[in-house]
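Asker: sequence first, predicted model second:
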Amino acid sequence: MAQKEWIDKDYYKVLGVSSSASADEIKKAYRKIARDNHPDAHPGDEKAEERFKSASEAYSVLGDKEKRAEYDELKRMVASGGYGAGGFGGSGGAGRAGGTRDFDIGDIFGGGSGMGGGMGGGLGDILGDMFGGGSGGRGGHGGQRTQRRSRGADVETEITLDFREATKGVTVPIRLTSPAPCTTCHGSGAKPGTSAKRCGTCSGSGVVSENRGAFGFSRPCPDCNGTGTRIDDPCTDCGGSGRVTRTRTITVRVPAGVVDGQKVRLAGQGEAGERGRAAGDLFVTVHVRPDNLFTRTGDDLKVTVPVSFSELALGGTVTVPTLDNKVKVRVPAGTADGMTLRVRGRGVAKRNGHSGDLLVTVRVTVPKHLDEGAASALRHYAEEEKRSGFDPRADWAGN
């Protein structure tokens, strides 16, 4: 939509936040409204769909740092009476030694001589961005203004993966409902067989100027709404915007080793820009379910293996699961309960083609019941243990 239409919109009210809200607060408010009113969750509910569209429109502006600054500046100007249907209001002249001169608002807010010359374009650049025309300046491109072509808004969504899917990588299809290029006009906004034309009123700049007494005024072109182009025969399906809200399926390739909370960016898969402008990006936040067997630290995979006392005391080999198959791990004689053994290269795959390690922690499991033969043998062992002089509490609690 043309920025001129922002005048009648209160995007902060739409999202239910204050004008001083942080970027995170704005994002949180938008996501709640979008989730509560998503068309997939309320099929056929026109009011919910309208709330969803309004929230998406508001977030496309407030969620973009540059657009939000422009929107806030425009709202301040409207509140102070600095902008109206006839452009900038006001009266008076600029007093100078030796009399007065014709005064162009561009001298203050744009490039060239006067106060604006040292401001690098000043507020004129902001106004030019808001209303479709750049600050031409007297030193740039012969004063020709250029149209600001903003891309579509970024879109955020979430998916939840199993632990092993996240560590090994997976391809996931997701469904999105958001503005997408109109399939009838292919995003141009013009009726098939026609095309947008350069606006003759503003010569494609999006801005018209006029003199009123001692002042020169610039305002968005009323014939093209500041876009610089006109569509005489708009597409009937999208109304000339070049985009429609529809549900689409996108395949997301989640790389191996992704961690909980990590975002995957898909360039150009966000909201379509108006009239064929570039689309925004899609950011997919990945949530990972915990596994009942494995945990991880960085690229290292961790697992705890139950063992018997005899396996630790005498040593042996235990079979341990990995993400792909099972491996055999040697337990040295005399290994302490709780010790961690490292198996190199059996962890989570890294981007460089290598893998982290598998960290195997051994924990003694004590039998709850022993038959008479095992109990007799254990009592005999206990006697031999004492006879050998072994005391497990010899260095414990100051003994």
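Answerer: Perfect, I can see it now.
Asker: what ranges do the strands span in the stretch 251-399 of the chain?
Answerer: Using DSSP state E, counting those that start in this stretch, the strands of the stretch 251-399 of the chain run over residues 263-266, 282-288, 295-297, 300-307, 316-321, 326-331, 340-343, 358-364.
Asker: nearest to residue 73, of those strands?
Answerer: With C-beta to C-beta, the closest approach to residue 73 among the strands of the stretch 251-399 of the chain belongs to strand 282-288: 26.9 Å. C-beta here means a position set from N, CA and C on the backbone, and glycine is covered the same way.
Asker: re earlier: quick one: which of the strands of the stretch 251-399 of the chain is nearest residue 17?
Answerer: Smallest distance to residue 17 across the strands of the stretch 251-399 of the chain (C-beta to C-beta): 20.4 Å, for strand 282-288.
Asker: residues making contact with that closest one?
Answerer: Residues outside strand 282-288 that contact it (C-beta atoms under 8 Å, 6 or more residues apart in numbering): 154-163, 166, 174, 176, 250, 252, 254, 258-266, 269-270.
Asker: in helices, which of those appear?
Answerer: By the criterion of DSSP state H, membership of the contacts of strand 282-288 in helices covers 163, 166.
Asker: just the buried members of the contacts of strand 282-288?
Answerer: 154-157, 159, 161, 163, 166, 176, 252, 254, 258, 264, 266, 269-270 (16 or more other C-beta atoms under 10 Å).
Asker: which one of those residues is nearest residue 316?
Answerer: Using C-beta to C-beta, residue 163 is the member of the buried ones among the contacts of strand 282-288 that lies nearest residue 316, at 29.0 Å.
Asker: contact partners for that closest one?
Answerer: Applying C-beta under 8 Å, 6+ apart, we find residue 163 in contact with 288, 289, 290, 291, 294.
Asker: quick one: the residue lying closest to the fourth one once chain neighbours are set aside from residue 239, how far?
Answerer: Right, residue 291. Leaving aside its sequence neighbours, residue 291 sits nearest to residue 163 (C-beta to C-beta, 6 or more residues apart in numbering; 3.6 Å). From residue 163 across to residue 239, the span is 47 Å (C-beta to C-beta, to the nearest Å).
Asker: residue 258 too?
Answerer: Residue 258 is 40 Å from residue 239, by C-beta to C-beta.
Asker: quickly list the domain ranges of this protein.
Answerer: As recorded under automatic domain parsing, the domains making up the chain are 1-82, 149-196+231-287, 295-388.
Asker: now for residue 13, how many residues are close by?
Answerer: Residues lying near residue 13 (other C-beta atoms under 10 Å) number 11.
Asker: next helix or strand past the helix or strand harbouring it?
Answerer: Element membership for residue 13, per DSSP states H and E: helix 11-15. Next in sequence after helix 11-15, counting helices and strands by DSSP H and E, comes helix 23-36.
Asker: what helices and strands are in contact with that next one?
Answerer: Judged by 3 or more C-beta pairs under 8 Å, 6 or more residues apart in numbering; DSSP states H and E, the packing partners of helix 23-36 are helix 11-15, helix 46-62.
Asker: what about 10 Å?
Answerer: helix 11-15, helix 46-62, helix 65-79, strand 155-161 (3 or more C-beta pairs under 10 Å, 6 or more residues apart in numbering; DSSP states H and E).
Asker: averaging pLDDT over each of the ones you listed, which comes out lowest?
Answerer: Set side by side, the helices and strands packed on helix 23-36 give their lowest mean pLDDT on helix 65-79, at a mean of 81.
Asker: now the contacts of residue 163 as TSV including distance to residue 46, pLDDT and neighbour count?
Answerer: Shown next, in TSV, are the contacts of residue 163 (distance: C-beta to C-beta, whole Å; pLDDT from 0 to 100; neighbours: other C-beta atoms under 10 Å):
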residue	distance to residue 46	pLDDT	neighbour count
288	37	94	20
289	36	94	13
290	41	93	10
291	43	93	16
294	47	94	19
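Asker: so residue 299 touches residue 359, yeah?
Answerer: No - if you go by C-beta atoms under 10 Å, residue 299 and residue 359 don't touch, sitting 11.1 Å apart.
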